[in-house]
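> sequence and predicted structure are below.
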Amino acid sequence: MSDLDLSHLPDDVASHLLSKIPNTSTTASRGGGDSSASTGRRLQVTWASQVKPESVEFMEDGRIPIGKLTVLAGDPGLGKSQYTCLIAAKMSRSARVLMLNAEDDESDTLRPRMAAAGANLENVGFVKMRDEHGDDGLVLPDDGAQLRAKVEQTGATLVVVDPIMAHLGGRVDGYRDQDVRRALAPLHNMGSDLGVTVIVVAHLKKGAEQMALNKIGGSIGFGASARNVLAFARDPDDPDGDQGDRRILGHIKGNNGRLQDAQLYQIETAWDGFVETSRLVYTGDSEQSVQDLLAPPQVKAPTKIELAKEFLSKALAQGPRSTLEVTSEAEAQGISDRTLTRARGDMGVRSERGEDARFYLSLPTSANRTPANLPGESVVGTGGRQDTLSLSEFGSSEPNPETSAMSAMSANSADPQGVAEVPGQGRPIPTAGPEGASS
């Protein structure tokens, strides 16, 4: 600033102008200078030619990458923890595993399940934080450094965090992407640096999400930052439905390899000494789509014929009713004569004439079809379509004066669905004679 000559200006004006000119230190702090110098952080560039290529190894046939973070997601109570126990038991036969579980008790749930799954219990460690007030759960990212130190000390090769939302620190918003990624960072780094496989359990959120990955509870950061995502769901083909024990494990996301086929499992009762428990048993592969498994249930709209059948079931539930009356009610509900006719035939609805010469409809198993309630003998016993033909079935689309007149004449004495032919026109009309007969 020695090149700037302000001597010709009054002192107060010169001082004001000088105060508006930023110096070097101001530029460094406000203009993007090295603000991280005080923390020891430095920007580093690694050229691709200096990176040694490495292949990714997997557990469980390509479903769980070693040294990476895997998310296991599913609705509560389906058996996600059963699956983590199964994987941990397999790993424990040759290496140590650490389990962080905030929901299940170690003595009555975790230990018995691990034993039932065939674990080497000497290699299974349950992790808690302890202070002067007693045991507490480990929280992330606060306790990430201590967890890493324990992994290095024990030589564990698998860490299970179940569920992840219960292990987030109080200052972490599980629905904020930046917070979630910061909380998961210690797990990512531990896996990458130490070759440790990390599985975190997450619940699914409610709602009609279109993509399965977006159904993971909390921030999208859980599914986005994980290199691998598995989904646990009920087997839709289970004959016992919601009460059944069949499950499907699907592969939603796999950054380090192709997606694997879904697997079928069965929850079985097992014992750890005298303690009853359960275990997950693999039963085969499935062609089910995970996207379909996690998609919200689609309500199928009933067909016209289904609506007509439902109408007839309710309309005739109390016993025989006048054909004309039932037909009029159906028309008022938007059920066409043609559709009602088909529904009558499919259901085996009977059409009979009473002593008053009017025709009545009744369900084939109607308990109220007694001689006292319906005097007279049956004219048509089968209730088939031959006695319920309608104008629409003959292609008539325009109103016919003769048809309307004759229908009105026969309304009180015959089944309005009987048909005859208009002389010289070959078109069907309602008759005044017995149902199914020509006038």
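On my side now, so go ahead. Residues are numbered from 1 along each chain as shown.
> what segments of the stretch 51-200 of the chain are helices?
Assigned by DSSP state H, counting those that start in this stretch, the helices in the stretch 51-200 of the chain fall at 80-92, 111-116, 144-154, 177-194.
> between the third one and helix 177-194, how many degrees?
In this case it means helix 144-154. 20 degrees (axes from the mean of the first three to the mean of the last three C-alpha atoms, to 10 degrees).
> buried residues in helix 144-154?
Neighbour-count burial for helix 144-154, counted by 16 or more other C-beta atoms under 10 Å, picks out 144, 147-148, 150-151. (Glycine included, C-beta is placed from N, CA and C.)
> let's have the helices of the stretch 51-200 of the chain in TSV, adding mean pLDDT and distance to residue 40.
Formatted as TSV, the helices of the stretch 51-200 of the chain follow (pLDDT from 0 to 100; distance: least, C-beta to C-beta, whole Å):
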stretch	mean pLDDT	distance to residue 40
helix 80-92	95	37
helix 111-116	96	43
helix 144-154	95	16
helix 177-194	93	17
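> looking at those, which is closest to residue 203?
helix 80-92 (8.4 Å; C-beta to C-beta).
> show me which residues of the helix or strand hosting residue 324 are buried.
Applying DSSP states H and E as the criterion places residue 324 in helix 323-332. Under the neighbour-count criterion of 16+ other C-beta under 10 Å, helix 323-332 has 323-324, 326-327, 330 buried.
> ok, then the element right after it?
helix 337-347.
> quick one, that following helix and helix 323-332 angle?
Going by the same axes, to 10 degrees, helix 337-347 makes 120 degrees with helix 323-332.
> turn the buried residues of helix 323-332 into TSV, columns for distance to residue 218.
Below are the buried residues of helix 323-332 laid out as TSV (distance: C-beta to C-beta, whole Å):
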residue	distance to residue 218
323	61
324	62
326	55
327	57
330	51
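> and the helices in the stretch 201-350 of the chain?
Counting by DSSP H, counting those that start in this stretch, the helices of the stretch 201-350 of the chain are 221-225, 290-294, 304-315, 323-332, 337-347.
> hey, least reliable of those by pLDDT?
With a mean of 66, helix 290-294 has the lowest mean pLDDT of the helices of the stretch 201-350 of the chain.
> residues near residue 302, how many?
11 (other C-beta atoms under 10 Å).
> pull the helix or strand with minimum mean pLDDT from the protein.
strand 420-421 (a mean of 39; mean pLDDT, DSSP states H and E).
> domain parsing for the chain?
58-294, 304-395 (automatic domain parsing).
> which of the ones you listed comes out lowest on mean pLDDT?
Taking the mean pLDDT of the domains of the chain, domain 304-395 comes last: a mean of 73.
> okay, the helices of the stretch 201-350 of the chain in CSV with distance to residue 63 next?
Shown next, in CSV, are the helices of the stretch 201-350 of the chain (distance: least, C-beta to C-beta, whole Å):
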stretch, distance to residue 63
helix 221-225, 16
helix 290-294, 12
helix 304-315, 42
helix 323-332, 55
helix 337-347, 48
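> closest to residue 260 out of those helices?
Nearest of these (C-beta to C-beta): helix 290-294, 10.5 Å.
> out of the helices of the stretch 51-200 of the chain, nearest to residue 317?
Nearest of these (C-beta to C-beta): helix 80-92, 45.8 Å.
> residue 227 touches residue 200, doesn't it?
No: the criterion here is C-beta atoms under 8 Å, and residue 227 misses it with residue 200 at 11.8 Å.
> so those two - more neighbours on which side?
residue 200 (24 against 20).
> from residue 276, how far off is the more buried one?
29 Å (C-beta to C-beta, to the nearest Å).
> brilliant, that's me finished.
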